[in-house]
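A.B. asks: what's the 3D shape of this:
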Amino acid sequence: MSTEYLLALTRIPGVGAVLARTLLSHFGAAEAIFNASYKHLLHVEGIGPQLARNIRQFDEFDTCVAELAFAEAHGIQLLVLGDEKYPKRLSYCYDAPLVLFYKGQANLNAQKIVSVVGTRNATTHGKLLCDELVKGLAEYGALVVSGLAYGIDAAVHKACVKYELPTLGVLAHGLDRIYPNAHRKLAAEMLQHGGLLTEFPSQTIPDRENFPKRNRIIAGLADATIVVEANSKGGALITSDLANSYDREVCAFPGRATDEYSRGCHDLIKTNRAHLITQAADVASLLAWDITSSCKKGLTQANWLSRTPDEQAVLSHLAECDGIAIDTLLLNTGFSQSKIALLLLELQVAGIVQIVPGNRCILL
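C.D. replies: Numbering: from 1, shown residues only. Model prediction:
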């Protein structure tokens with residue numbers, strides 16, 4: 001599949017991530033979309049006369065070629081939906097970007113990934129919480145995702161650099177710049193063990209409407225989103241709502257009843273949209289990171305031999321770790337979501353596997 005045409009598809013006015021996937025599903029290849037007739041385009045669900053004209057009139061292919069050259073010159077990887085290196089957790093989201101631009105060393109399909117978000121007006125207490133949280137997460141070797149903004153984001157990234165934990169910054173602009181400019185040094189440090197990721201090509205400035213789009217990537221990349229401090233409105237709450245919509249876990253730190261920047265956290269907890277946590281160990285417990293190998297005693301030879309080859313494939317992956325996210329199981333086995341669901345149901349009925357909080361499964 002030509003990357004040039006995939007990039008072109010992302011630049012058509014009015015064609016977002018969802019419609020782009022619909023078009024690819026209908027035509028099979030990006031190039032075929034641009035070669036399709038106006039009449040044929042109108043047969044695609046969601047494509048009306050104006051969008052059909054936008055596709056037919058698109059003439060910015062030279063810009064796409066220049067973008068590919070820019071990426072190659074600056075060590076930027078293009079991650080295309082469906083490719084092996086594309087973040088699998090994100091690919092399960094209905095509105096996952098068709099193309100991502102990535103620079104860094106982090107494994108975007110690491111076994112343990114959490115996102116940490118919060119207010120740009122972080123208090124001293126909030127920054128200390130970030131430091132303690134990251135220090136605790138370092139014991140589990142998790143990849144920590146945030147947005148490189150002022151406040152909680154910066155505190156989290158700095159703590160990750162301090163404790164040598166890989167951290168990923170998701171940007172609301174192209175990789176030809178860093179916003180805010182004050183975080184250029186921090187971004188450079190993050191590239192040593194973590195990375196920077198965006199769906200926006202070079203020359204894209206951090207316009208206000210880009211940040212909610214950025215937030216869906218932060219939510220979709222991780223098994224859980226952790227809110228450290230948040231007011232009653234703001235990007236952190238948007239990200240947490242997106243995480244809930246993707247059926248991912250959401251956690252929040254409580255504060256004092258009068259704390260302005262704990263109001264959002266309190267609201268999330270009160271309305272059962274987030275788990276109350278006070279330390280990294282709470283997150284590990286929720287996501288079953290601390291399930292011990294003693295839970296695997298039920299995998300006897302008789303149990304193994306009585307299962308189908310596909311069930312044995314699932315059991316093999318479960319036996320290699322203390323607890324595994326279902327999304328990671330999908331990634332490791334290559335099975336479809338429907339097939340995994342059926343296999344896990346059979347294994348649960350047999351009393352071999354259990355689904356635990358955090359949408360994870362363990363051997364009994």
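
A.B. asks: burial of residue 56, as a residue count?
C.D. replies: When neighbours are defined as other Cβ atoms under 10 Å, residue 56 has 13 of them. Yep, even glycine has a C-beta here, placed from its N, CA and C like the rest.

A.B. asks: thought it was touching residue 40?
C.D. replies: No: Residue 56 is beyond contact range of residue 40, at 10.4 Å (criterion: Cβ atoms under 8 Å).

A.B. asks: list the buried residues in the strand or helix carrying residue 129.
C.D. replies: Secondary structure assignment for residue 129, by DSSP states H and E: helix 124-137. By 16 or more other Cβ atoms under 10 Å, the buried positions in helix 124-137 come out as 125, 126, 127, 129, 130, 131, 133, 134, 135, 136, 137.

A.B. asks: what's the neighbour count on residue 195?
C.D. replies: Neighbour count for residue 195, taken as other Cβ under 10 Å: 23.

A.B. asks: what's around residue 68, how many residues?
C.D. replies: When neighbours are defined as other Cβ under 10 Å, residue 68 has 15 of them.

A.B. asks: so it touches residue 2, yeah?
C.D. replies: No: contact between residue 68 and residue 2 fails when scored by Cβ under 8 Å: they sit 10.2 Å apart.

A.B. asks: for stretch 194-204, which positions count as buried?
C.D. replies: 194, 195, 196, 197, 198, 199, 200, 201, 202, 204.

A.B. asks: quickly list what the fifth one is bridged to.
C.D. replies: Residue 198 has the following beta-bridge partners by DSSP bridges: residue 101.

A.B. asks: please name the residues that touch it.
C.D. replies: 100, 101, 170, 171, 172, 173, 174, 175, 204, 214 (Cβ atoms under 8 Å, 6 or more residues apart in numbering).

A.B. asks: what's the closest non-adjacent residue to the fourth one?
C.D. replies: With Cβ to Cβ, 6 or more residues apart in numbering as the measure, residue 198 is the residue that lies nearest to residue 171, at 4.1 Å, once sequence neighbours are left out.

A.B. asks: for residue 98, see how far away that neighbour is.
C.D. replies: Separation of residue 198 from residue 98 (Cβ to Cβ, to the nearest Å) stands at 13 Å.

A.B. asks: do the same with residue 207
C.D. replies: 20 Å.

A.B. asks: ditto for residue 263
C.D. replies: Going from residue 263 to residue 98 by Cβ to Cβ gives 37 Å.

A.B. asks: so which of these two has more stuff around it?
C.D. replies: The residue with more neighbours, out of residue 263 and residue 98, is residue 98; 22 against 18, by other Cβ under 10 Å.

A.B. asks: so the closest residue to that one other than its chain neighbours is in which element?
C.D. replies: Leaving aside its chain neighbours, residue 98 sits nearest to residue 20 (4.8 Å; criterion: Cβ to Cβ, 6+ apart). Residue 20 is located in helix 17-27, with elements delineated by DSSP H and E.

A.B. asks: show me the contact partners of that helix.
C.D. replies: Outside of helix 17-27, the residues that reach it under the criterion Cβ under 8 Å, 6+ apart are 9-10, 15, 30, 33, 36, 44-47, 51, 81, 94-98.

A.B. asks: just give the nearest non-adjacent residue to residue 238, would you?
C.D. replies: Nearest to residue 238 is residue 215, by Cβ to Cβ, 6+ apart, at 5.2 Å.
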